[in-house]
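> structural data only, the sequence is not supplied:
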């Protein structure tokens, strides 16, 4: 464990910590929502609202009852006030329910346009299929026909429950069981929508898949559920993006993502998370409590998580890999940025069970303002994992004097033949680096974004090209004014 | 080109330079020598505009302007270059990318068109040829994992590319073997011209065998106590800085 702080003080850094949050607007659209509150009746009503079969309702109720027996986790290094789960509305959706993309309310299309995610037929992102989730429901999925031709199922979770119940029943909750943790149990009870992806054996998904999550309504929680199944020898790359309006109240986002990779399958899951982070005094912002886990169930399978986390008041997520299949590989590449009063507690778990399983962790934390950034990661090698290897690298970059970076690696090795490596560094954007850049003619802001970009390079190169550019820009905007 | 008058500089409240005066004309090479702690590095840092160096008295005029009121990046764009004693590592940032961004930032400041990738590469090749540097350094991150010699070579390469009007070399010779020293000297000599001036800060006379200065100044206790031609450096080498102190004492008493 290492806890470090910067020694330098630059008052101009503190003064000018103004960030622009472009996605902070509200869409004025007629919304139908539940009154705040949570009970068995609410869970039943939610399930009924979505025309769910009985097995699904029962599954939710089981999860709800389990959740009631649990207490919120306290071990994360986060400073959180108590959350009143009765003050949250568990369902909000635009009133008009479109049958296809053509019927979608123009205001919604406009919203996604403004966010840079065009859903129109004519302005679709080239080569990327998008599922757009607005508050509790999916409002449209693009490129459906092209994907269906390849045998790929990409639709909202609600639709999958109705149209592909056998697949959902077979895989849902097999990676993240309903009682896995407090927020996963809550999600299992009240999840509203999300994306479902199924890649049949031998298929290489012909395009990038992506889901764009948008919280719009007030006092609403977003509980999405994503399930991706890659059958034998299949291959898919999936990206999610997230934004929310700028509000003074904290909003809750508690998602669950499950990935299943069978023999020789590969799943690449990338996240660019830009939920509203709250203002410079820490008022408002999204509480982002997410359970993401991938199961390398088959031999030679591979799951790779890449995340760029710049938003949210509080981030609590550990995308993990269960390396069950022999020769399977898990990867985790992460950039987490916190400033103002943002807090992030993020990392990964790599559970080695199969023989010759490999995992790689590259985590980059950037702290500015009064941001607190914690890497928490677990590498566990079971007795059965003959020949397991792990490499972990955690780097922290500090900008200013009042932020913090913390590293908590947990390593548990039960097989003596395993090789586990861990490297950690903490550095700061030093006066030396800044002056060096400036003495060569670079302005201060350009110098900072260049240094930060260099710091994140190992992770950015894992992102799909167009999103790497996005991520870089997002980081630049997020650090705008971080030095005077 | 550069006119420093009665410069007083404090670092963290402690006076370092105590009335330094120096005039450098275009085309000249001035060597600043002196014992450790005399304020040699402070001079370079003040000229380049580093934070934390408080000018308490005196003036610095550069090309007829008050240099001290310019931001570091503006000074760079106006042609001031400091070769660092300890060049800074910037992990993950490609050396070529860094230099292109720096050069274009300077050009933009001067109202000149920015160079595109092809034009820049052409310029880089030209400079590499002249300096006999392998292009291997260019593909690495700025100074990351460079040896001491490589870092200094990279400084000279940057200087060649940015083509400053006033170059300040801060102990560029420290920690260099004789081959690296020759290479650095060669780079500087190649750039000597009637429009350009150099201030070479060094602790040892050795560098001046290769970069022959027009003037040698001895800096002691924050002031220039002795000026002369290159023979002054040889005298210093022979007698050591103690000789200087002995010569100073009567003056100080007077």
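Now that the structure is in, tell me what you want to look at. The structure presented is a predicted model; accordingly, all values stated were derived computationally and were not measured.

> skipping adjacent residues, who's closest to residue 204 in space?
Using chain A. residue A:235 (4.4 Å; Cβ to Cβ, 6 or more residues apart in numbering or on different chains). Quick note: C-beta positions are derived from backbone N, CA and C, even for glycine.

> nope, chain B please
residue B:173 (6.5 Å).

> tell me what residue A:365 is bridged to.
Residues in a beta bridge with residue A:365, per DSSP bridges, are residue A:336, residue A:396.

> my guess is it contacts residue A:375. True?
Yes - in this structure residue A:365 lies within contact range of residue A:375 using Cβ atoms under 8 Å: 5.8 Å.

> for the chain, which segments count as helices?
Here I'm looking at chain A. For chain A, helices defined by DSSP state H occupy the ranges A:11-15, A:40-49, A:54-68, A:106-114, A:144-149, A:157-163, A:165-171, A:182-190, A:431-439, A:444-460, A:465-478.

> if you could check chain B rather than the one you did, that'd help
With DSSP H as the criterion, chain B has helices spanning B:40-48, B:72-77, B:95-109, B:117-131, B:148-162, B:178-191, B:230-253.

> export those to a markdown table and tack on distance to chain A?
Listed next are these as a markdown table, based on distance: least, Cβ to the nearest Cβ, whole Å:
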| stretch | distance to chain A |
| --- | --- |
| helix B:40-48 | 5 |
| helix B:72-77 | 4 |
| helix B:95-109 | 4 |
| helix B:117-131 | 14 |
| helix B:148-162 | 7 |
| helix B:178-191 | 17 |
| helix B:230-253 | 27 |
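
> turn these into TSV, columns for distance to residue A:268.
Below are these laid out as TSV (distance: least, Cβ to Cβ, whole Å):
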stretch	distance to residue A:268
helix B:40-48	46
helix B:72-77	40
helix B:95-109	27
helix B:117-131	30
helix B:148-162	37
helix B:178-191	46
helix B:230-253	63
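
> go through the ones you listed and find the least confident stretch.
Among these, helix B:230-253 carries the lowest mean pLDDT, a mean of 70.

> what residues are up against the spatially closest residue to residue A:308 that is not a sequence neighbour?
Distances taken as Cβ to Cβ, 6+ apart place residue A:471 nearest to residue A:308, at 4.4 Å, with adjacent residues excluded. By Cβ atoms under 8 Å, 6 or more residues apart in numbering or on different chains, the contact list for residue A:471 reads A:272, A:308, A:335, A:456, A:460, A:463.

> got a list of what the second one touches?
To tie it back to what came earlier, the one meant is residue A:308. Applying Cβ under 8 Å, 6+ apart, the residues contacting residue A:308 are A:271, A:272, A:273, A:334, A:335, A:459, A:460, A:463, A:471, A:474, A:475.

> poorly predicted segments of the stretch 101-250 of chain A, please.
A:101-130, A:133-142, A:214-220, A:242-250 (pLDDT under 70).

> strands of that one, start to end?
A:128-134, A:137-141, A:153-156, A:195-199, A:208-214, A:225-230, A:235-243, A:250-253 (DSSP state E, counting those that start in this stretch).

> of those strands, which approaches residue B:241 most closely?
Nearest of the strands of the stretch 101-250 of chain A to residue B:241, taken as Cβ to Cβ: strand A:235-243 at 64.2 Å.

> mind giving me the packing neighbours of the closest one?
Under the contact criterion of 3 or more Cβ pairs under 8 Å, 6 or more residues apart in numbering or on different chains; DSSP states H and E, strand A:235-243 touches strand A:195-199, strand A:208-214, strand A:225-230, strand A:266-273.

> and the angle for that strand with strand A:266-273?
10 degrees (axes from the mean of the first three to the mean of the last three Cα atoms, to 10 degrees).

> quick one: contacts of strand A:235-243?
With Cβ under 8 Å, 6+ apart, strand A:235-243 has contacts from A:23, A:115, A:117, A:128, A:152, A:197, A:199, A:203-205, A:208-215, A:226, A:228, A:230, A:253, A:265-276, A:311, A:464, A:467.

> what do you get if the cut-off is 6 Å, keeping everything else the same?
A:23, A:115, A:199, A:204-205, A:208-214, A:230, A:266-275, A:467 (Cβ atoms under 6 Å, 6 or more residues apart in numbering or on different chains).

> just the buried subset of the residues you listed, please.
A:23, A:115, A:199, A:205, A:208-214, A:230, A:266-275, A:467 (16 or more other Cβ atoms under 10 Å in any protein chain shown).

> centroid residue for chain B?
Nearest to the mean C-alpha position of chain B, counting by Cα atoms, centre = their mean, stands residue B:168 at 1.8 Å.

> quick check: that one vs residue A:234, distance?
Distance, residue B:168 to residue A:234, by Cβ to Cβ, to the nearest Å: 61 Å.

> what's the burial count for the residue in chain A that chain B sits nearest to?
Distance from chain B to each residue of chain A (Cβ to the nearest Cβ) is smallest for residue A:454, at 3.0 Å. Applying other Cβ atoms under 10 Å in any protein chain shown, we find 23 other residues in the vicinity of residue A:454.
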